[in-house]
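A.B. asks: Give me a 3D structure for the following:
(2 chains)
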Number of protein chains: 2
Amino acid sequence: MNGAEGLVRTLVSAGVDVCFTNPGTSEMHFVAALDRVDGMRCVLGLFEGVVTGAADGYARMTDRPASTLLHLGPGLGNGLANLHNAKKAHSPMVNVVGEHATYHIAHDAPLTADIEAIARPVSHWVRTARSAAAATGDAAAAVCAATEPPGQIATLILPADSAWQECDGPAPAQAPGERRQATQQAIDDAVHVLRSGEPTLLLLAGPALREAALRTAGGIAAATGAGLMTQLANARLQRGAGRVAVERIPFPVDQALAALAHYRHIVLVGAQAPVAFFAYPDKPSLLAPPGCEIHRLTSAAEDSAHALAWLAQELGAEAGAALVQSSRRPALPQGALDKDSLAQALGALIPEQAIVADEAITTGRGFFPYTAGAPPHDWLNNTGGSIGLGLPLATGAAVACPDRKVLCLSGDGSAMYTVQSLWTQAREGLDVTTVIFANRDYAILKGELRNMGAAQPGRKALDMLEIGRPDLDWVAIARGMGVEAERAATADEFCRALARGIAAEGPYLIEAVL
Amino acid sequence: MNGAEGLVRTLVSAGVDVCFTNPGTSEMHFVAALDRVDGMRCVLGLFEGVVTGAADGYARMTDRPASTLLHLGPGLGNGLANLHNAKKAHSPMVNVVGEHATYHIAHDAPLTADIEAIARPVSHWVRTARSAAAATGDAAAAVCAATEPPGQIATLILPADSAWQECDGPAPAQAPGERRQATQQAIDDAVHVLRSGEPTLLLLAGPALREAALRTAGGIAAATGAGLMTQLANARLQRGAGRVAVERIPFPVDQALAALAHYRHIVLVGAQAPVAFFAYPDKPSLLAPPGCEIHRLTSAAEDSAHALAWLAQELGAEAGAALVQSSRRPALPQGALDKDSLAQALGALIPEQAIVADEAITTGRGFFPYTAGAPPHDWLNNTGGSIGLGLPLATGAAVACPDRKVLCLSGDGSAMYTVQSLWTQAREGLDVTTVIFANRDYAILKGELRNMGAAQPGRKALDMLEIGRPDLDWVAIARGMGVEAERAATADEFCRALARGIAAEGPYLIEAVL
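C.D. replies: This next block holds a predicted model:
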């Protein structure tokens, strides 16, 4: 068999069974190999940002890497923004990037670029397969690197001749790394702080946000009086009725400072020390109050769930004592469609085990209170801040979990970056209901202009912040890509549209006109 | 004034008067400064690939750099593919990329990335403005770097505090570099070869493809019997009736080898030695026949127009003797809509001084013969091979040349990468008629799979090569972004649609169903 087939077989035997693709000429042997190898589902994206964002969504919902197939340096470049987001989410991923045949690179053909250099800023691991014989072992190493805790971006560059030459067959899978346990000292330190009686916050991230770990953390909070919070954006937060609810650190710096103001200690559980999303003149970068001590229970790569259980044991804290969210839904809203009525409708209708891919930016900041008591669901945020993740993330989550409803909540500005996702949803019949919040603004930027202390925007500045003139017709755009769609301009219309979307078995889009 | 305003004023005083933008929070001071500074036109793109591709189109038609405004590392990443193309086109460009405040970077906020590392593979010049005081001089240096022959990509990273702190006012413009003259030895070598009587090709690129230089080259060809060709893809080729016509080296390797087979000498005029676009098993990378000698008259950075004139003088060649293209248009086609009837319709209707942004890939390979005798026009190709350039290129060309009709010819697969361009065309009222060749395939890849020696594609491979199921409805997509559109399924329908598009004063899209 050739190197491409050996590589695909290696991936499959290592448990990588989905490939999000946007191939080109240099990847044709890889594509041909996909025909010959069972066990790898291929999902085409018409733009590489769809491909990498979908792989992120898949990884968040399965805790396993998907592979991607990208065309040379520029194809990788198009996927770069969502690789950035995936890297910040600690999502495992194996990118296979085609390259010219090794001997062709020196001739500087049009598509020649320094692919390793493009890959490095968004990859934890980068390698070029120098031959077909090497490619299979490289693929096994790539999967191993991707699954190294807490999850890494592995990018394997595959020159065309390494794909078309003969190899000796697939390479055996390599054992992935395991999460390290917290140190005794970190546990002792946390126990000391939590027993001190001083105001203490457990700041949770990563696997600490899964249901069981949250319950353990809730038990610690109940036993010690500690607060529980998460970072602003989380790769995957399990929430809803019967689960331990946690608030997020707010985005606006002043609100974040206020939320943390009374803590004397912050214990990081897989989290980073709280930092402002952006810097502003005369506002701090670090959000903890002066004199607040930062303690680390676990790094992102360590086993936070185990550490919480260990800590609970030391403290004699019972998970059964945790305060859990009661089941409650808001009534269906009526009247005008605004941020509150939208949130109410979501809270009223979000189905059990829904997956929410949230890139609602300004519109979505108030969704948490209204949806807190809905049936259990998973909430996925943009962890890297590069907008254009929401639609691809929903796409990948739907591939990962065909039995669950995916709700994608996106600002209109955000959705445009990777709007091609809708076509992939249509082709694959994915069960995604997309809600576009059509405020015809980069609304966040208007606020940010004020935050920056800049003056009232004039016409030229407003032209850069408003995305109307012409208004985007999301119903037409969605239908143009094969996705059924409707427009809602009142709360009542929105509720009925959302109910139709949830009842649909395939992709559906609602333009919520704000 | 603050650093952002100083920077904008520096750009304007250096002659940079258009900014293609997709800003975010870290660029808000720059956006606010645009309000206060006259002389900089701002054009918003809803995706960064639109922004960088438009700046490329602008540069090709004005021979001057536009600026771009991009949001941190991921925003730059989204623009990377078309920066790759612009770099290969030798288009001058000044990118301004926002960055966190200098003191904020160490805290690893979500959007933190190594922007310099992301910029370097697609930039000739990269610098971070370390302070507001430095930012203005850095901006002047960036413009100077961009205009260094043959045209360069200059990327200036602007930390937020370098934008918001005070500076001393704009920096003076720096003198751009000038094109070096060819060497006497290069001229002598070319004279010797052209007088040798052996079959010789002048391979032309860059400024040698403008009308006057082509006429000079045509005179040399007439006097010496030399052949004239261009590279496969050119940044800007002036052609049509009354001009010297040149053939391109074909894309398929076998055809390219045949086209060059009888030459004993190739004289490079700003061109590279001919190389295959991709490598294939058992086919050569270099396209010149064995024993063919390669001579360089000028590099891309040298003054090819002057060198051709000098060479003509040495040879006693008269530009007046050049064979020029006679004026002739094909008749309007009837019957089925296929590659030939499309080409006929274009040849029949393309208006004088049209700018053709060509990313028609497979469909467009046969357009040249039918359009050769049309009124004078400019033809812009994708020089870097990363598809998704056509629509942005047309957008930028239309901004540059508001009095000329722009025809954008794009495959359906290509157009999807940067489909957001249509919205910018609608907002700016740009005079672009876009023709989408809707073959519902990555048609090039089906041929490439064969070229690679891969077997007949099975279902899974075909799924990666065909972009139907569902078919894209380009009329709906275009209208969704505010662009009037229609569908044409016969040659007659296409002729009428194209005539309507050409008569329209704003953007218009035609879905040509193949």
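A.B. asks: OK, contacts around the residue of chain A most remote from its centre?
C.D. replies: Distance from the C-alpha centroid of chain A peaks at A:H107, with 39.0 Å (CA atoms, centre = their mean). Residues in contact with A:H107 (CB atoms under 8 Å, 6 or more residues apart in numbering or on different chains) are B:273, B:275-276, B:285-286. Using the backbone N, CA and C atoms, a C-beta is placed for each residue, glycine as well.
A.B. asks: quick one: is the lowest-mean-pLDDT helix or strand in chain A near chain B?
C.D. replies: Counting by mean pLDDT, DSSP states H and E, chain A has its least confident helix or strand at helix A:361-364, which shows a mean of 75. No: remark: helix A:361-364 sits outside contact range of chain B, by CB under 8 Å from any CB of the partner chain, the gap being at least 11.2 Å.
A.B. asks: contacting residues around that helix?
C.D. replies: Residues contacting helix A:361-364 (CB under 8 Å, 6+ apart): A:339, A:342, A:358, A:387, A:409, A:411, A:413-414, A:437, A:439, A:443-444, A:447, A:514.
A.B. asks: still on that earlier bit, buried among the contacts of A:H107? Need that as a selection in ChimeraX.
C.D. replies: Listed next is the ChimeraX selection for buried residues among the contacts of A:H107, using 16 or more other CB atoms under 10 Å in any protein chain shown:
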select /B:275,276,285,286
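A.B. asks: Also within reach of chain A: list those from the contacts of A:H107.
C.D. replies: B:273, B:275-276, B:285-286.
A.B. asks: Which two among the residues you listed are spaced furthest apart?
C.D. replies: B:A273 and B:A276 (11.3 Å; CB to CB).
A.B. asks: which neighbours do these two share?
C.D. replies: A:107, B:286.
A.B. asks: domain parsing for chain A?
C.D. replies: A:3-164, A:184-321, A:339-513 (automatic domain parsing).
A.B. asks: Just name the most buried of those.
C.D. replies: Counting by mean count of other CB atoms under 10 Å in any protein chain shown, domain A:3-164 has the highest mean neighbour count of the domains of chain A, with a mean of 25.
A.B. asks: now that domain, how far from the centre of its chain.
C.D. replies: In terms of CA atoms, centre = their mean, to the nearest Å, the centre of domain A:3-164 is found 19 Å from the chain centre.
A.B. asks: what do you get for stretch A:417-436?
C.D. replies: Taking mean C-alpha positions (CA atoms, centre = their mean), stretch A:417-436 and its chain are 16 Å apart.
A.B. asks: Regarding it, how distant is the last residue from the first?
C.D. replies: End-to-end distance for stretch A:417-436: 13 Å, by CA to CA, to the nearest Å.
A.B. asks: Does the helix or strand where A:A258 lies reach chain B?
C.D. replies: Here A:A258, judged by DSSP states H and E, is contained in helix A:253-260. No: using CB under 8 Å from any CB, helix A:253-260 stays clear of chain B, with a minimum separation of 11.5 Å.
A.B. asks: just the helices in the stretch 101-250 of chain A please.
C.D. replies: A:115-119, A:132-146, A:160-164, A:184-194, A:211-224 (DSSP state H, counting those that start in this stretch).
A.B. asks: Of all those, which one comes closest to chain B?
C.D. replies: Closest of those to chain B is helix A:115-119, at 4.5 Å (criterion: CB to the nearest CB).
A.B. asks: So is that closest one next to chain B?
C.D. replies: Yes: against chain B, helix A:115-119 shows contacts by CB under 8 Å from any CB at A:117-118.
A.B. asks: what is the rounded mean pLDDT of that helix?
C.D. replies: Computed over helix A:115-119, the mean pLDDT rounds to 98.
A.B. asks: Give the other helices and strands that it contacts.
C.D. replies: helix A:72-78, strand A:93-99, strand A:125-128, strand A:153-159 (3 or more CB pairs under 8 Å, 6 or more residues apart in numbering or on different chains; DSSP states H and E).
A.B. asks: re the thing from before, quick one: average confidence on the helix holding A:A258?
C.D. replies: 97.
A.B. asks: any idea how far A:R120 lies from B:A113?
C.D. replies: For A:R120, the distance to B:A113 equals 11 Å [CB to CB, to the nearest Å].
A.B. asks: in the stretch 301-450 of chain A, what residue is nearest chain B?
C.D. replies: Closest point on the stretch 301-450 of chain A to chain B, by CB to the nearest CB, is A:S386, at 3.3 Å.
A.B. asks: Packing partners of the helix holding A:A258?
C.D. replies: By 3+ CB pairs under 8 Å, 6+ apart, helix A:253-260 packs against no helix or strand.
A.B. asks: beta partners of A:F20?
C.D. replies: A:V43, A:T68 (DSSP bridges).
A.B. asks: Now do the contacts for it.
C.D. replies: A:F20 touches A:43, A:45, A:50-52, A:54-55, A:58, A:66-69, A:396, counting by CB under 8 Å, 6+ apart.
A.B. asks: Would you enumerate the residues in contact with the residue of the stretch 301-450 of chain A closest to chain B?
C.D. replies: A:81-82, A:84-85, B:72, B:74-75, B:77, B:111.
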